[in-house]
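In: Make a model of this:
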Amino acid sequence: MWNTIIRGSAQSQNPLKAILRYNQMAKCSVEPDRFTFPFVLNACIKFCLRKMGFGIQGKALKMGFIENSFLRNALIYFHANCGDLSVASELFDDSAKGDVVPWSALTSGYAKRGELDVARRYFNEMPVKDLVSWNVMITGHAKRGEMESARKLFNEVPKKDVVTWNAMTAGYVFCGECEKALEMLEEMKNEGERPDGVTMLSLLNACAGLGDLQVGIQIHWSLLEMVL
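Out: As a prediction, this is how the structure comes out:
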């Protein structure tokens, strides 16, 4: 019953309730099991509760749950997001390498903390690449101004979403290649992808960078046609 409540709270709009329920569980002298900790760790990530996350890891180790694959993946995901990347890497042993979750978590974790070379190594070794990892790597290269590398990855993505397109568009604007950013809209239209607010902002910034009001008006109407 406790696990069901904690899981529901962790997935709700107020995941802090999962932390409160976990503490209440302890006060009622109810021992957690290997399924309890991953739900609480998910809530810890949303609030970046590093100290509590480390505490959960210590308790899981003490209770002998650390070898459970579900819990281990949750710990890797926690450390990759807001804990210690070196700990995440240590937990990433052979038993974890058959699951896309820890691969993706480590790729994202290193990329978001600026260690793109390490992230790329994990990405290249991933047996199956999920879309999150593709988008993270494209964004990472774009933020470093490495648009050739970003474009190469973009062309290789099996199935793109709006985040993939936005990463490229924003990257071109960031690098001052505004014409290429505008060209992304045409590609996007041809692929049938619908833009969102992030797309619109990047394209309007591209128009401002070019100083072309007429193109800006055309982009405005094109975007309206695509979202209506």
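In: N42 is in contact with A10, isn't it?
Out: Yes: the pair N42 / A10 is scored as a contact, 4.8 Å apart, by CB atoms under 8 Å. Where you see a C-beta, it was placed from the backbone N, CA and C, and this is true even at glycine.
In: Just want to know which of these two has more residues nearby.
Out: Counted by other CB atoms under 10 Å, N42 and A10 do not tie: A10 has more neighbours, with 24 against 19.
In: For M25, see how far away the more buried one is.
Out: 13 Å (CB to CB, to the nearest Å).
In: same thing with E193?
Out: Here the criterion is CB to CB. By it, E193 lies 45 Å from M25.
In: Poorly predicted segments of this protein, please.
Out: 209-220, 222-228 (pLDDT under 70).
In: Strands of that one, start to end?
Out: Here the chain has no strands by DSSP state E.
In: Quick one: residues contacting M52.
Out: Neighbour list for M52: I19, V40, C44 [criterion: CB atoms under 8 Å, 6 or more residues apart in numbering].
In: where along this structure do the helices fall?
Out: Using DSSP state H, the helices of the chain run over 2-10, 16-27, 36-47, 50-62, 69-81, 85-91, 100-112, 116-125, 131-143, 147-156, 162-174, 178-191, 197-210, 213-227.
In: Which strands and helices lie in contact with the third one?
Out: To tie it back to what came earlier, the one meant is helix 36-47. Applying 3 or more CB pairs under 8 Å, 6 or more residues apart in numbering; DSSP states H and E, we find helix 36-47 packed against helix 2-10, helix 16-27, helix 50-62, helix 69-81.
In: Just the residues contacting it, thanks.
Out: 2-3, 6-7, 9-11, 15-16, 18-19, 22, 25, 32, 49-50, 52-53, 56, 59-60, 65, 70-71, 73-75, 77-78, 81-82.
In: how about the helices and strands packed on helix 36-47 in TSV, adding distance to E146?
Out: Converted to TSV, the helices and strands packed on helix 36-47 look like this (distance: least, CB to CB, whole Å):
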stretch	distance to E146
helix 2-10	37
helix 16-27	39
helix 50-62	31
helix 69-81	22
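In: Go through these and pick out the most buried.
Out: helix 69-81 (a mean of 24; mean count of other CB atoms under 10 Å).
In: Using PDB, write down the CA coordinates of that one.
Out: Provided in PDB are the C-alpha atoms of helix 69-81 (Å, rounded to 0.1, in the frame of the first residue of the first chain):
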ATOM      1  CA  SER A  69      18.500  -3.700 -11.300                       C
ATOM      2  CA  PHE A  70      15.400  -1.500 -10.900                       C
ATOM      3  CA  LEU A  71      16.900   0.300  -7.900                       C
ATOM      4  CA  ARG A  72      20.400   0.500  -9.400                       C
ATOM      5  CA  ASN A  73      19.000   2.200 -12.600                       C
ATOM      6  CA  ALA A  74      17.100   4.600 -10.400                       C
ATOM      7  CA  LEU A  75      20.300   5.400  -8.500                       C
ATOM      8  CA  ILE A  76      22.300   5.900 -11.700                       C
ATOM      9  CA  TYR A  77      19.500   8.200 -13.000                       C
ATOM     10  CA  PHE A  78      19.600  10.200  -9.700                       C
ATOM     11  CA  HIS A  79      23.300  10.700  -9.600                       C
ATOM     12  CA  ALA A  80      23.400  11.600 -13.300                       C
ATOM     13  CA  ASN A  81      20.800  14.300 -12.800                       C
END
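In: just to revisit the earlier point, out of the helices and strands packed on helix 36-47, nearest to W103?
Out: helix 69-81 (9.3 Å; CB to CB).
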